[in-house]
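Asker: any chance you can model this:
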Amino acid sequence: MPIRIVRLGSPRAPDEGTRIGTVRRPPRGVPKAEFASRDFYDVWFPNLAPSLETMKLGQAAGSDADWKAFTRKYQAEMAQPEAQHALALLATLSAQTNFSVGCYCEDESRCHRSLLRRLLADHGAKIVD
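Answerer: Numbers count the residues shown, from 1 in each chain. I've put the predicted structure just below:
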């Protein structure tokens with residue numbers, strides 16, 4: 001019953017379970033009633049998304065140095081107590097139920113979900129590769 005790390009809007013995997021959107025903003029131009037049916041997410045959980053300022057830094061990262069700056073800022077945000085509680089909760093739930101977390105970015109290696117994958121693993125989460 002591990003966590004899947006997914007691109008929101010991509011087709012769901014069999015037995016994926018509840019899809020959690022760890023994004024700052026809902027999908028543009030999509031009615032709220034259609035978020036789940038269009039494979040975005042079932043539940044919006046911006047608590048694990050980068051802050052607006054940090055998100056913009058990540059989106060503008062054109063070099064490895066820029067990406068490292070984004071990584072440092074996002075990791076600092078995720079070190080805050082509220083984020084730590086959320087990570088611990090999801091890690092604990094990963095032993096009991098199927099669910100997924102995700103973001104819209106096409107390239108996971110330049111997306112906060114790559115960092116979120118590591119943070120969840122560090123909290124003991126079971127994660128599907």
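Asker: can you pull out the strands in this structure?
Answerer: 3-7, 18-21, 43-44, 99-103 (DSSP state E).
Asker: which of these is buried the deepest?
Answerer: Sort these by mean neighbour count, taking mean count of other C-beta atoms under 10 Å, and strand 99-103 sits at the top with a mean of 24. From N, CA and C alone the C-beta is placed, and that goes for glycine too.
Asker: how far away from the center of its chain is that one?
Answerer: 6 Å (C-alpha atoms, centre = their mean, to the nearest Å).
Asker: what packs against it?
Answerer: strand 3-7, strand 18-21, helix 81-93, helix 112-122 (3 or more C-beta pairs under 8 Å, 6 or more residues apart in numbering; DSSP states H and E).
Asker: count the neighbours of the closest residue to Gln75 other than its chain neighbours for me.
Answerer: Once flanking residues are discounted, Gln75 sits nearest to Leu115: 6.7 Å by C-beta to C-beta, 6 or more residues apart in numbering. A total of 18 residues lie near Leu115 under the criterion other C-beta atoms under 10 Å.
Asker: what's the answer for Glu82, then?
Answerer: The burial count for Glu82: 11, using other C-beta under 10 Å.
Asker: so which of the strands of the chain is nearest His123?
Answerer: Of all these, strand 3-7 sits nearest to His123, with 10.5 Å by C-beta to C-beta.
Asker: hmm, who's touching that closest one?
Answerer: 13, 16, 19, 90, 94, 98-106, 108, 113, 116-117, 120, 125-128 (C-beta atoms under 8 Å, 6 or more residues apart in numbering).
Asker: what subset of those residues is buried?
Answerer: 16, 19, 90, 94, 98-105, 108, 113, 116-117, 120, 125, 127 (16 or more other C-beta atoms under 10 Å).
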